[in-house]
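# Fold the following and give me the result.
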Amino acid sequence: MNKLIKLSLITTLALSTSVFAEKNKDKSVPSKVSDLTKMFSDGKVSGQIRLGYGANIVKTDGDKNTYATAVGGQLKYETASLMGLSFGVAMQTSHSINGLSGRGDKYNNELASNEKSYTELAEAYLNFSYGGFEFRGGRQLIDTPLADSDDIRMTPHTFEAYIASYTFKDLGLAFIAGNISNWQGVDSETDLGEPYANAEKNVWAKTGENGTRVGAVTYSTDYLDTSVWYYDVTKVTTAFYTEIVATIPINDESEIEISAQYLTENDQKKDGVNSEIEGSILGAMVEAKFYNITTTLAYDKVSVKDGKSIFEGFGGGASYTNLDTMTAGALHDGTYGDGNSYKFGLSYEIADFTIFGAYGDYRADAIAGGVKAHVTEMNFGLEYEYNDGEADIALIYVVGRDKESSTKTEFDNDRIQVVLNYNF
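Modelled structure (predicted):
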């Protein structure tokens, strides 16, 4: 699942000199203190209260429309920094509201799982900073191209990870290395191979037999950003991702961004059997902002080895053509040949409102049985921000259509989601 709340895509995930995701980075930086008592007394409490409604309108015979309303959010405490050392913990929770949610096969599990509620110790980490060096170990938010928070339902993904980075600020150069062992969230796969939302209980799922080893180098200037990432999803696949973004300023309120990305993967053997993941994604994107209007045009070409699949990451993924439901590689599970996708998006900002729309077209040369695949998706939405982010509301309507099949399939699915946030 992937977000389209704003049309500038997830390039910042790959280009940031820090993988440690924070909703309000300027507010979350721990204050520096000189003694142990103040380390805890000067700590900061932050959080979010979220109310969400989601409904799926299906077209397939025998299936019923589903809907649910849920209330939840996050509560976080982070100590002040003593000699560069700080600690943080955060709880996440979501609870469906029975009177405003479907029952039985009309229940939508995307907001609060099959159990209709969950509460999770989502973050519990130690952080150490010294000069350009930063280390964080434990449960934490992460944003990278193939492992990201993807906060598009009730709570974001979090990861059990140990990650270190060193940034040469004067050079715009950063090095990142670490290991990601487990993850949890609405997209995470359980041991049964089901998404977190479908699980009978909330679980932390492995990111590989022995976790995922990650390393990266990023370089940034005022007008050019580049990054190279390597992932070893043990006993599953190795992945190499690189991206370059060039910014062309027009004036203070207008600019053009030209981006290119490349992902390539090779499968690994587990118990002597290949993992069935091997392929590549090559993409390009142009995004032009002129005052209050932003236009986006993106293209991705997917190639997979015959009968294999493409892995787009633990979370939303970084492909340029991703929308709320569809991704560049969604049709490429056991396919034969190549495929491509493109996306056109338009957004308009007025006062504290953002109105947006996007159209995506996704094709695969041949799936199992030699049948071609062709799916389209349209996203329409409205976002309002109150008092510089103290509260916000986002509405999105998704229209999915299977253009190749003569009968209705899982891709003929409309959905609506409304989310109201209060941040503190």
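
# got the residue ranges for the strands in the stretch 251-400 of the chain?
Read by DSSP state E, counting those that start in this stretch, the stretch 251-400 of the chain holds these strands, from start to end of the chain: 254-267, 269-270, 273-274, 279-290, 293-309, 333-350, 353-364, 373-386, 391-402.

# now the ones you listed as a markdown table including distance to residue 233, mean neighbour count and mean pLDDT?
C-betas here are computed from N, CA, C, even on glycine. What follows is those, written out as a markdown table (distance: least, CB to CB, whole Å; neighbours: other CB atoms under 10 Å; pLDDT from 0 to 100):
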| stretch | distance to residue 233 | mean neighbour count | mean pLDDT |
| --- | --- | --- | --- |
| strand 254-267 | 9 | 19 | 96 |
| strand 269-270 | 11 | 12 | 69 |
| strand 273-274 | 13 | 12 | 67 |
| strand 279-290 | 14 | 19 | 97 |
| strand 293-309 | 13 | 19 | 93 |
| strand 333-350 | 17 | 19 | 91 |
| strand 353-364 | 23 | 19 | 97 |
| strand 373-386 | 25 | 19 | 96 |
| strand 391-402 | 29 | 18 | 97 |
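
# Tell me which of the ones you listed lies nearest to residue 68.
With CB to CB as the criterion, residue 68 lies closest to strand 391-402 of the strands of the stretch 251-400 of the chain, at 15.6 Å.

# Next up, the contacts around the closest residue to residue 348 other than its chain neighbours.
Sequence neighbours aside, residue 355 is the residue nearest to residue 348 in space, at 4.9 Å (criterion: CB to CB, 6 or more residues apart in numbering). Contact analysis of residue 355 by CB atoms under 8 Å, 6 or more residues apart in numbering lists 347-349, 381-382.

# Need the max-distance pair from these.
Of all the pairs that the contacts of residue 355 form, the one spanning the most space (CB to CB) is 349 and 381, at 12.8 Å.

# nearest to residue 156, of the contacts of residue 355?
residue 381 (18.9 Å).

# I'd like to know how far that closest one sits from residue 100.
In this structure, residue 381 lies at 21 Å from residue 100, with CB to CB, to the nearest Å as the measure.

# go on, residue 168?
Relative to residue 100, and taking CB to CB, residue 168 is found at 52 Å.

# what pLDDT does residue 135 get?
Model confidence at residue 135, expressed as pLDDT, equals 97.

# so what strands line up beside the strand or helix carrying it?
Using DSSP states H and E, residue 135 falls within strand 133-140. With DSSP bridges as the test, strand 133-140 is paired with strand 117-130 (antiparallel), strand 158-168 (antiparallel).
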